[in-house]
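Visitor: For reference, the sequence and a predicted model appear below.
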Amino acid sequence: MSSRTEKDSMGTMEVPADALYGASTQRAVLNFPISGYRFSRAFIRALGLLKWAAAQANLELGKLDEKRAGLIARAAEEVIDGTLDEHFPVDIFQTGSGTSTNMNANEVIANRCSQLAGTAVGSKDPVHPNDHVNNGQSSNDVIPSAIHVAAAESIQRELLPALDGLKTALDNKTREFWDVIKIGRTHLMDATPIRLGQEFSGYARQVENARLRAAHAIAAIEELALGGTAVGTGLNSHPDFPKKVMRHLFNRTGIPFREAENHFEAQAAKDGLVQASGLLKTIAVSLFKIANDLRWLASGPRCGIGEIRLPETQPGSSIMPGKVNPVMAEAMMQVCAQVIGNDATVTWAGANGNLDLNVMMPVLAHNILESIRLLANAVNVLREKCVEGIAANKERCNELVEYSMAMVTSLAPIIGYDRAAEIAKESAKTGKTVRQICMEKHILPEAELAAALDPVEMTKPGGEGAVGG
């Protein structure tokens, strides 16, 4: 492979001839051959946005001339758009400040500026990676800012729309299933009747709450560390630089990013990201519950609960012909497990703010952005390939309601708890329904018994069937 020689503060390095990165990036490539994991598209986009906004701000402040600022802005646009992603090869497991990746961006943009200007790649002419692209910045404020921008944009652009779509689908099912009466279950045991639509309304509310939590996650990371430079003091940065950058970022993203109220907190701690990750974990817990319930309700389909039918998406067994499994729900549950695990990594990474800098930012970035990406993708798949096609098995629902011993609950206020319990025990022993036993023993006049054992009435708030337990 042909190469060229580039130089940084430690000396010269041989760099692949077609690479836009330089010596500092190449050192990191050689130093960290660990995982093969790279920063995501969302993170590289965020780096490009920050470098683009910084060039605009530095032009306004007289720190860059129009030519250099224009070149940096053009090159940064290509980073934003993803056309230069192949030139970001540094492993996630690297220097804890992410300095290697900040320099990766600086070198790529500077060398792309050389190409645009018609000068030699590696010449640092007319744009220098440190003096111009990184003007007024440090890796220590750029990388945490990039994590915040990437996470907030990803939630806004990917996760929120996915949750909106799932909420709509569950609302539709709530209406569709409202008149389907089924048996409720607590402790996995028969309880009083419930509408299938009422169960689905609970799922819809969970997703509505998930959306609120996702919005709170954005709010938790709207403060950016940019402007603090090395340790939070703002050395070598114009005091108006961060505010100007924030204005340009808002114009591009619509997210009200703002300068950190305290730069020392913003660089030494990562509490906002830990909070955001915790909210993502809560969303994962909600989605796990929904997906797992769908599996239970569809179980069987003949020898289990079987109250709903899930869309059949693929064969379920290599040995049992005709078997179909709830694979979309299972995929969602696995994603939720991954997100819960990712949150543990984010928590430990966030806790490792030593004195004036957190030194586990790359792995923190990787995990929180992966959580957002996986949740958004899995929610879309669950909605499209599972929820929208769910059908109610009304016959099975009716059968189980009538067969349930819990039907006796509505009789307790009329005939007393002890006598109702006796009927329930006899139903369990004989296999007869509660209605059959009551009719045989003439517990109540037929019309009164029919009213007392009406499962529809038991699903209404405040009715005799609305009991605890």
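Guide: That came through fine.
Visitor: ok, which stretches of the stretch 101-250 of the chain are strands?
Guide: Shown for the stretch 101-250 of the chain, the strands assigned by DSSP state E, counting those that start in this stretch span residues 181-186, 189-195, 223-224.
Visitor: In its sheet, which strands sit next to the second one, and in what direction?
Guide: Using DSSP bridges, strand 189-195 pairs in its sheet with strand 181-186 (antiparallel).
Visitor: now E208: how far from H216?
Guide: 13 Å (Cβ to Cβ, to the nearest Å). In this view, the C-beta of every residue, glycine as well, is placed from N, C-alpha and C.
Visitor: so who does the most centrally placed residue in the chain touch?
Guide: Centroid-nearest residue in the chain, with Cα atoms, centre = their mean: I372, separated by 3.0 Å. Residues near I372 by Cβ atoms under 8 Å, 6 or more residues apart in numbering: A42, A151, S154, I155, E158, L159, L280.
Visitor: Next one: the last one from R419, what distance?
Guide: I take that to be L280. To R419, L280 is 51 Å away according to Cβ to Cβ.
Visitor: Counting neighbours, go ahead and name the busier of those two.
Guide: Between L280 and R419, counting by other Cβ atoms under 10 Å, L280 is the more crowded of the two (28 against 15).
Visitor: what stretches of the stretch 51-200 of the chain score poorly on pLDDT?
Guide: Residue ranges of the stretch 51-200 of the chain with pLDDT under 70: none are present.
Visitor: Could you pull out the helices in it for me?
Guide: Assigned by DSSP state H, counting those that start in this stretch, the helices in the stretch 51-200 of the chain fall at 66-81, 99-117, 139-154, 160-176, 196-220.
Visitor: Next, the buried residues of the last one.
Guide: Just to be clear, that refers to helix 196-220. Buried residues in helix 196-220, defined by neighbour count with 16 or more other Cβ atoms under 10 Å: 196-201, 203-204, 206-208, 210-211, 213-215, 217-218, 220.
Visitor: what does the first one give?
Guide: If you call a residue buried by 16+ other Cβ under 10 Å, then helix 66-81 has these buried ones: R68, A69, G70, L71, I72, A73, A75, A76, E78, V79, I80.
Visitor: Just the element for I319, please.
Guide: Element membership of I319, judged by DSSP states H and E, is empty: it is in no helix or strand.
Visitor: Which residues outside stretch 223-238 are in contact with it?
Guide: Against stretch 223-238 from outside (Cβ under 8 Å, 6+ apart): 50, 61, 63, 136-138, 140-142, 144-145, 148-149, 239, 241-242, 245-246, 249, 257-264, 266-268, 272, 356-357.
Visitor: which of those are buried?
Guide: Judged by 16+ other Cβ under 10 Å, buried ones among those: 50, 61, 63, 136-138, 140-142, 144-145, 148-149, 241-242, 245-246, 249, 257, 259-260, 263, 266-268, 272, 357.
Visitor: how does this structure divide into domains?
Guide: Residue ranges for each domain of the chain read 3-135, 141-394, 404-458, as given by automatic domain parsing.
Visitor: how far does the first one sit from the chain's center?
Guide: A distance of 29 Å separates the C-alpha centroid of domain 3-135 from that of its chain, computed with Cα atoms, centre = their mean, to the nearest Å.
Visitor: Can you check the distance spanned by it, start to finish?
Guide: One end of domain 3-135 to the other measures 28 Å (Cα to Cα, to the nearest Å).
Visitor: try the shortest one
Guide: The separation between the terminal residues of domain 404-458, taken as Cα to Cα, is 13 Å.
Visitor: which SS class is T5?
Guide: Three-state call for T5 (DSSP: H, G, I helix; E, B strand; the rest coil): strand.
Visitor: From A28, how far out is it?
Guide: T5 is 17 Å from A28, by Cβ to Cβ.
Visitor: now swap in A220 and tell me
Guide: Relative to A28, A220 is positioned 30 Å away (Cβ to Cβ).
Visitor: do V207 as well
Guide: Distance of V207 to A28, computed by Cβ to Cβ: 41 Å.
Visitor: Repeat that for L364.
Guide: 18 Å.
Visitor: which of the two has more neighbours?
Guide: Looking at L364 and A28 with other Cβ under 10 Å, you find the greater number of neighbours at L364, namely 29 against 20.
Visitor: Please name the residues that touch that one.
Guide: L364 neighbours (Cβ under 8 Å, 6+ apart): I147, K270, L273, T345, V346, A349, G350, N358.
Visitor: right, and the second one touches I143 too?
Guide: No: K270 is not in contact with I143 according to Cβ atoms under 8 Å; the separation is 10.7 Å.
Visitor: shared neighbours of those two, which are they?
Guide: Shared contacts of K270 and I143, defined by Cβ under 8 Å, 6+ apart, comprise M361.
Visitor: any idea how far the closest residue to G227 other than its chain neighbours lies from H248?
Guide: Using Cβ to Cβ, 6 or more residues apart in numbering and skipping the chain neighbours, the partner closest in space to G227 is P242 (3.1 Å). With the distance defined as Cβ to Cβ, P242 ends up 11 Å from H248.
Visitor: Likewise for G272?
Guide: Going from G272 to H248 by Cβ to Cβ gives 21 Å.
Visitor: now the residue lying closest to A260 once chain neighbours are set aside: how far from G227?
Guide: Spatial nearest neighbour of A260, excluding adjacent residues (Cβ to Cβ, 6+ apart): A266 at 3.6 Å. Distance from A266 to G227, counting by Cβ to Cβ: 9 Å.
Visitor: Quickly list what's touching both of the two.
Guide: With Cβ under 8 Å, 6+ apart, A266 and G227 have common neighbours D141, A260.
Visitor: check contacts around the nearest residue to Q137 once chain neighbours are set aside.
Guide: Nearest residue to Q137, sequence neighbours excluded (Cβ to Cβ, 6+ apart): A54, at 6.2 Å. Contacts for A54 (Cβ under 8 Å, 6+ apart) come out as V133, N135, G136, Q137, F241, V245.
Visitor: mind redoing it with 10 Å?
Guide: 63-64, 69, 72-73, 76, 132-137, 142, 226, 237, 241-242, 244-245, 248-249 (Cβ atoms under 10 Å, 6 or more residues apart in numbering).
Visitor: From D418, how far off is K425?
Guide: Distance, K425 to D418, using Cβ to Cβ: 11 Å.
Visitor: So these two - more neighbours on which side?
Guide: K425 (12 against 8).
Visitor: secondary structure element for that one?
Guide: Per DSSP H and E: K425 is located in helix 417-430.
Visitor: which secondary structure elements does that helix contact?
Guide: helix 412-415, helix 434-440 (3 or more Cβ pairs under 10 Å, 6 or more residues apart in numbering; DSSP states H and E).
Visitor: Can you redo these as TSV, where the extra columns are distance to A23, mean pLDDT and mean neighbour count?
Guide: Shown next, in TSV, are the helices and strands packed on helix 417-430 (distance: least, Cβ to Cβ, whole Å; pLDDT from 0 to 100; neighbours: other Cβ atoms under 10 Å):
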stretch	distance to A23	mean pLDDT	mean neighbour count
helix 412-415	81	93	16
helix 434-440	81	93	18
